[in-house]
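Engineer: the sequence isn't on hand, but the structure is:
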Ligand SMILES: [Zn+2]
Ligand SMILES: [Zn+2]
């Protein structure tokens, strides 16, 4: 059994602790560990938190229009982090591709880095990624059901190489599994499945829009009640 503990450090960056409980041997102690095999993403998450609305608030984007240079920086920082991951794991980058069959051996991480750099050049007006809550709610794959030959499409490492794999399944396809720590920054920034480009960020925004429309509709239906409520809000908000 695995327990996932989430916390925020002083800079409001998420920290994840995974505590593995060995059910066969209750005497063994729980272990906490941070993931050593990925580059430090604290700069990225710091930039991201500056350009996205606070998680608790509804996405009132018109009040929090990010500066394009900051959006650009977020894309560039993540591209750099992925590039470190690519070099450390010796994947893609025109190096040892698939036995020369594809010439430059373009891997998924190559494509992701390219896409990020492209967007850094002409950044979107606002971050189109998904919320932290979306990432938290993703299906977790139990370690027991992972097979030794299953690898993370981003870092290319077998999931089971990690003593405490934290693997998630994206809702688009049953086989679209990723290390949470590999896919999370991408999801927060881009909001898409790296494999088939299903756009979860867009889905979230549309859902939010629909929710507001319903709210608006209910408001105009109960205009009188609403007015009383507003007085109340005005006093105590
Ligand atoms: Zn990975
Ligand atoms: Zn997918």
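Structural biologist: Received the coordinates, thanks. Every value quoted in this text rests on a predicted model; they were computed, and no experiment measured them. Numbering: from 1, shown residues only. Ligands and ions are numbered 1, 2, ... in the order given.

Engineer: near ligand 1 at all, stretch 183-202?
Structural biologist: No - if you take Cβ under 5 Å from the ion as the test, stretch 183-202 misses ligand 1, and the best it gets is 7.5 Å. Every C-beta, even on glycine, is put in place using the N, C-alpha and C of the backbone.

Engineer: how about the helices in this structure?
Structural biologist: 42-51, 68-88, 108-121, 132-136, 180-189, 200-221, 223-236 (DSSP state H).

Engineer: residue 169 versus residue 211, what's the distance?
Structural biologist: 25 Å (Cβ to Cβ, to the nearest Å).

Engineer: which one of the two is surrounded by more residues?
Structural biologist: residue 169 (15 against 11; other Cβ atoms under 10 Å).

Engineer: residues from this protein in reach of ligand 2?
Structural biologist: Applying Cβ under 5 Å from the ion, we find that the chain lies next to ligand 2 at 170, 172, 173, 176, 193, 195, 196.

Engineer: so residue 150 versus residue 117, what's the distance?
Structural biologist: In terms of Cβ to Cβ, residue 150 sits 29 Å off from residue 117.

Engineer: same check on residue 87?
Structural biologist: Using Cβ to Cβ, residue 87 is found at 16 Å from residue 117.

Engineer: kindly report the same for residue 134.
Structural biologist: Applying Cβ to Cβ to residue 134 and residue 117 gives a distance of 25 Å.

Engineer: how many residues are close by the closest residue to residue 47 other than its chain neighbours?
Structural biologist: Nearest residue to residue 47, sequence neighbours excluded (Cβ to Cβ, 6 or more residues apart in numbering): residue 74, at 4.5 Å. As a burial measure, residue 74 scores 29 neighbours (other Cβ under 10 Å).
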